[in-house]
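K.L.:
got a structure for you, letters missing:
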């Protein structure tokens with residue numbers, strides 16, 4: 001409901017002033033990712049938005065805390081930890097005088113190849129929802145508006161600006177919209193970002209079913225919808241569909257005049273009356289190799305002249321514009337922007353660095369361990385640290401989530417500091433370092449004269465001379481070899497499921513000679529592991545953020561328990577995953593057909609009875625746990641599961657209790673089991689705790705497209721308690737009347 005204050009402001013705004021509030025402009029301070037200029041006549045302040053899934057990305061390069069990747073946060077299975085991270089990132093945004101944090105991102109991880117999977121949470125809609133709500137609550141409790149993204153069905157980076165996701169109504173609601181619905185209804189999220197891609201034939205920015213019918217009318221969303229940057233293709237159509245704010249509202253030459261000379265060339269050519277922007281764009285992009293789908297970055301009039309003309313000639317009612325302005329002003333009022341009353345914040349401070357370290361530890365997953373971990377420096381004389389990037393921290397992936405930070409700890413420094421004089425540490429790269437993702441192609445984000453020159457003529461920089469033999473020799477002489485490998489995921493690209501470069505070869509060569517081999521994966525998601533049977537232990541550390549080396553050393557040497565559990569299934573090979581045909585991924589003629597329906601992730605593996613390499617929810621601990629006294633009770637269509645968990649080891653540790661639900665003999669096709677509840681427990685040595693987990697009515701329901709709503713069928717349901725989707729320790733059958 002619009003407040004009296006917003007109504008009064010709206011009544012005094014001219015048409016020109018209203019339009020100026022629904023599209024972006026250049027931030028004079030160079031800090032914001034998106035900027036709505038002030039209205040000095042009516043005392044309306046500016047409205048600033050800043051990137052932030054992995055930490056605040058300040059436009060002027062000011063250092064911020066680089067938190068672990070979002071998938072690492074999800075691997076902790078702890079909404080309260082997500083709330084802490086949200087609050088810390090809000091504080092860093094306030095310190096930069098920003099009003100909206102463009103986070104969190106939580107598109108479902110449908111295909112593990114997705115280049116942005118490190119920015120997302122999970123393949124499961126329930127886990128996705130719980131972590132998303134925790135993060136949004138944290139951001140907004142911290143006094144900053146959150147912008148959840150990318151709405152909707154933005155599940156791959158390949159040709160993302162033109163891809164058409166063809167998805168049925170049932171999987172759309174059961175899988176891809178669940179977390180968005182949760183942050184709207186439970187966290188009252190301030191903003192949603194409309195995605196680049198098309199959904200069932202219509203661009204997300206112009207999709208009335210998504211933006212108005214579902215989001216605003218069915219769910220009662222009261223915030224505003226902002227476009228992804230340059231995602232809007234038709235201003236009046238987007239306005240009618242429910243888009244409220246077009247970003248960035250300027251061309252790239254205007255937004256970043258010093259960055260991209262080729263863009264300025266296009267801008268110059270398009271000034272001639274006989275040479276349109278489209279003609280200039282087509283000419284220059286064809287010469288330099290830029291993808292044609294990115295041409296829209298040169299068009300800035302989507303919510304400017306085109307809206308004014310549509311209103312003046314009667315194609316668009318001014319009341320539609322009024323609603324957009326009211327939604328934006330309403331959130332500005334809600335978060336104190338209209339009164340210039342936002343609290344101060346702190347950025348890049350020790351408390352946030354410590355939180356970053358803790359999240360990295362909590363999100364690290366021990367996939368495999370033949371009693372090699374934790375390492376004991378007192379029993380080791382020589383440690384070999386091997387890997388092309390083991391001497392630098394992995395702070396994140398490429399694209400809009402990159403964070404500039406002035407304090408990082410590499411694995412080499414972290415391990416060296418931890419072992420001190422207790423053991424000798426030798427470092428060898430083994431293979432050449434990986435090229436950054438930006439070196440592989442020309443995109444809207446990396447275009448420059450040097451990039452173009454490198455693309456055509458090759459970079460003058462040569463890879464350093466790296467000797468795998470030296471790494472193998474160091475491994476052979478050591479008591480244990482720790483091999484750190486990683487990928488290079490980025491926005492704009494999807495990634496292979498094999499480790500890039502010669503890293504698989506390096507792991508195998510080390511494992512052939514080392515007494516014990518520990519592999520540390522720093523990846524955006526699942527990867528293939530052809531060497532798995534030859535190594536003694538595997539840790540998945542994701543992208544650990546700026547405290548990379550400190551958190552890794554803590555887990556390797558047992559100072560911290562590897563408490564993470566997989567938020568995605570690890571298959572043995574690409575064809576094991578559900579989207580394993582070209583129609584499903586990457587698509588044919590830009591059509592990506594979601595033929596797998598509701599069977600994404602572990603649902604697919606269970607349905608076709610394929611053994612995963614590591615199942616959803618899997619993760620080992622250094623402690624041992626026993627479950628007892630499991631009881632399931634039913635009250636109408638809500639189940640309560642009580643279970644006692646005891647730490648039966650002599651060390652502290654974490655256990656994640658997971659509850660799965662499956663219809664025994666369903667009338668419609670349903671997954672064998674679905675995650676319905678979970679809780680992360682920290683248990684001291686010898687401690688036991690009884691927890692109560694609620695399985696609500698939605699967990700029993702499926703979405704009926706014919707009824708356009710959720711349906712709970714009577715019948716028998718199996719309630720299973722487990723350590724993962726495949727390791728079930730107890731199950732009971734309950735019957736709904």
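P.N.:
On my side now, so go ahead. Everything numeric in this text was worked out from a predicted model, so none of it was measured. Numbers count the residues shown, from 1 in each chain.
K.L.:
can you give me the helices in the stretch 1-150 of the chain?
P.N.:
Assigned helices in the stretch 1-150 of the chain, in chain order: 4-12, 15-20, 70-75, 79-95, 125-141 (criterion: DSSP state H, counting those that start in this stretch).
K.L.:
let me have these in a markdown table, extended by distance to residue 714.
P.N.:
C-beta coordinates here come from the backbone N, C-alpha and C atoms, glycine included. Formatted as a markdown table, the helices of the stretch 1-150 of the chain follow (distance: least, C-beta to C-beta, whole Å):
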| stretch | distance to residue 714 |
| --- | --- |
| helix 4-12 | 47 |
| helix 15-20 | 52 |
| helix 70-75 | 34 |
| helix 79-95 | 31 |
| helix 125-141 | 22 |
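K.L.:
wait, doesn't residue 320 sit right on residue 238?
P.N.:
No: counting by C-beta atoms under 8 Å, residue 320 stays clear of residue 238, with 10.8 Å between them.
K.L.:
and the two? Which one has more around it.
P.N.:
Using other C-beta atoms under 10 Å, the more surrounded residue of residue 320 and residue 238 is residue 238, with 28 against 16.
K.L.:
for the helix or strand where the more buried one lies, packing partners?
P.N.:
Assigned by DSSP states H and E, residue 238 belongs to helix 235-241. Judged by 3 or more C-beta pairs under 8 Å, 6 or more residues apart in numbering; DSSP states H and E, helix 235-241 is in contact with helix 305-312, helix 318-334.
K.L.:
list the contacts of the first one.
P.N.:
The set of residues external to helix 305-312 that reach it, using C-beta atoms under 8 Å, 6 or more residues apart in numbering, is 15, 16, 19, 22, 235, 236, 239, 316, 317, 318, 321.
K.L.:
adding pLDDT, write those out as a markdown table.
P.N.:
Shown next, in a markdown table, are these (pLDDT from 0 to 100):
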| residue | pLDDT |
| --- | --- |
| 15 | 97 |
| 16 | 96 |
| 19 | 97 |
| 22 | 98 |
| 235 | 95 |
| 236 | 96 |
| 239 | 98 |
| 316 | 95 |
| 317 | 95 |
| 318 | 97 |
| 321 | 98 |
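K.L.:
selection in ChimeraX covering whichever of those residues are buried, please.
P.N.:
This is how ChimeraX selects the buried members of the contacts of helix 305-312, with burial counted by 16 or more other C-beta atoms under 10 Å:
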select :19,22,235,236,239,316,321
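K.L.:
would you list every one of the strands in the stretch 351-500 of the chain?
P.N.:
Using DSSP state E, counting those that start in this stretch, the strands of the stretch 351-500 of the chain run over 365-369, 382-386, 424-428, 480-486.
K.L.:
which of the ones you listed is buried the deepest?
P.N.:
Neighbour counts (mean count of other C-beta atoms under 10 Å) averaged over each of the strands of the stretch 351-500 of the chain peak at strand 480-486, with a mean of 27.
K.L.:
packing partners for the very next helix or strand once past it?
P.N.:
Tracing the chain past strand 480-486, the next element assigned as helix or strand by DSSP H and E is helix 503-513. Using 3+ C-beta pairs under 8 Å, 6+ apart as the contact test, the elements touching helix 503-513 are strand 382-386, helix 468-477, strand 480-486, strand 517-522.
K.L.:
hey, which of the helices of the stretch 1-150 of the chain is tucked in deepest?
P.N.:
Highest mean neighbour count among the helices of the stretch 1-150 of the chain (mean count of other C-beta under 10 Å): helix 70-75, a mean of 30.
K.L.:
so which of the helices of the stretch 1-150 of the chain gets nearest residue 489?
P.N.:
Closest to residue 489 of the helices of the stretch 1-150 of the chain is helix 70-75 (C-beta to C-beta; 10.2 Å).
K.L.:
could you dump the contacts of helix 305-312 to TSV with distance to residue 525?
P.N.:
Converted to TSV, these look like this (distance: C-beta to C-beta, whole Å):
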residue	distance to residue 525
15	47
16	47
19	42
22	36
235	36
236	39
239	36
316	42
317	45
318	46
321	41
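K.L.:
of the contacts of helix 305-312, closest to residue 273?
P.N.:
For the contacts of helix 305-312, the minimum distance to residue 273 (C-beta to C-beta) is 22.3 Å, reached by residue 235.
K.L.:
tabulate the helices and strands packed on helix 503-513 (CSV), appending mean pLDDT and distance to residue 633.
P.N.:
Formatted as CSV, those follow (pLDDT from 0 to 100; distance: least, C-beta to C-beta, whole Å):
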stretch, mean pLDDT, distance to residue 633
strand 382-386, 98, 52
helix 468-477, 97, 55
strand 480-486, 98, 46
strand 517-522, 98, 41
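K.L.:
residue 326 is nearest to which of these?
P.N.:
Go through these one by one with C-beta to C-beta and the one that ends up closest to residue 326 is strand 517-522, at 45.6 Å.
K.L.:
after the closest one comes which helix or strand?
P.N.:
Moving toward the C-terminus from strand 517-522, the first helix or strand encountered (DSSP H and E) is strand 537-540.
K.L.:
check which helices and strands that next one sits against.
P.N.:
Counting contacts by 3+ C-beta pairs under 8 Å, 6+ apart, strand 537-540 packs against strand 365-369, strand 517-522, helix 548-556.
K.L.:
single out the most deeply packed of those.
P.N.:
Using mean count of other C-beta under 10 Å, helix 548-556 ranks as the most buried of the helices and strands packed on strand 537-540, with a mean of 27.
K.L.:
gap between it and the chain center?
P.N.:
22 Å (C-alpha atoms, centre = their mean, to the nearest Å).
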